[in-house]
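Peer 1: I'll drop the sequence and a predicted model, then ask my questions.
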Amino acid sequence: KAGVTQTPRYLIKTRGQQVTLSCSPISGHRSVSWYQQTPGQGLQFLFEYFSETQRNKGNFPGRFSGRQFSNSRSEMNVSTLELGDSALYLCASSLTTSGTNTEAFFGQGTRLTVV
Amino acid sequence: SQQGEEDPQALSIQEGENATMNCSYKTSINNLQWYRQNSGRGLVHLILIRSNEREKHSGRLRVTLDTSKKSSSLLITASRAADTASYFCASRGDDYKLSFGAGTTVTVRA
């Protein structure tokens, strides 16, 4: 069974640009969550999608957005990039997020550097 | 902001020794999970303990949960060099998200 796939693995962007990151969850998983990891703030929750609906959103500005497609693949977009957006962006998939099967499986992440 | 704190922030032990790290969380939970991360890579799921469980084992890992104190601990027995990593606890509440602690960096010396 293939794991969670995130693309691209590394990205360098210039301030003011926008970026789109992609995440393909484990087959059969309907929940996809996104996290930002930085040395200063640790792992911060961005948003969670389940069956194409955003169910929860973290405390991030509107420049951060996401969506989920009917095949459960998800994308997140960051517009008007700032230097502080440099981080490791992690995607996690779960079979569900309630009940007993709520383990989250993470991809290898996308390392975004804003210059 | 983070859901909780982990203690200690860093731990250095000799191969073969045990490593214990603690985690506290702030709100009620459905379950608590522990993850390992090697050097800026993705997180690997280690173990999940439900809110109605008090202790769980998986190989060399032992997790305890005390919901009255809103705390959990992870014990790694007979540590190996390959256990060198950062360890995170994450609590899952009713809001669908995982809230992570700040993590404990474990270094196992050969």
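Peer 2: Arrived safely, thanks for sending. What you see is a predicted model, and the numbers here were worked out from it, not measured in a lab. Numbering: from 1, shown residues only, chains lettered A, B, ... in the order given.
Peer 1: span of stretch A:53-70 from start to end?
Peer 2: Terminal residues of stretch A:53-70 are spaced 10 Å apart (C-alpha to C-alpha, to the nearest Å).
Peer 1: can you show me the CA trace of stretch A:32-39 as CSV?
Peer 2: Provided in CSV are the C-alpha atoms of stretch A:32-39 (Å, rounded to 0.1, in the frame of the first residue of the first chain):
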residue,chain,number,x,y,z
VAL,A,32,-6.3,15.0,4.7
SER,A,33,-4.7,17.5,7.1
TRP,A,34,-2.0,20.0,6.6
TYR,A,35,0.6,21.2,9.1
GLN,A,36,3.3,23.8,9.0
GLN,A,37,6.5,23.0,10.9
THR,A,38,9.1,25.7,11.8
PRO,A,39,11.9,25.7,14.4
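Peer 1: mind listing what's buried in it?
Peer 2: A:Val32, A:Ser33, A:Trp34, A:Tyr35, A:Gln36, A:Gln37 (16 or more other C-beta atoms under 10 Å in any protein chain shown). Placement of C-beta: from N, CA and C, glycine included.
Peer 1: where in chain B is the helix or strand with the lowest mean pLDDT?
Peer 2: Ranking every helix and strand in chain B by mean pLDDT, DSSP states H and E puts strand B:5-7 at the bottom, with a mean of 82.
Peer 1: packing partners of that one?
Peer 2: Secondary-structure packing of strand B:5-7 (3 or more C-beta pairs under 8 Å, 6 or more residues apart in numbering or on different chains; DSSP states H and E): strand B:19-24, strand B:85-92.
Peer 1: rerun at 6 Å
Peer 2: strand B:19-24 (3 or more C-beta pairs under 6 Å, 6 or more residues apart in numbering or on different chains; DSSP states H and E).
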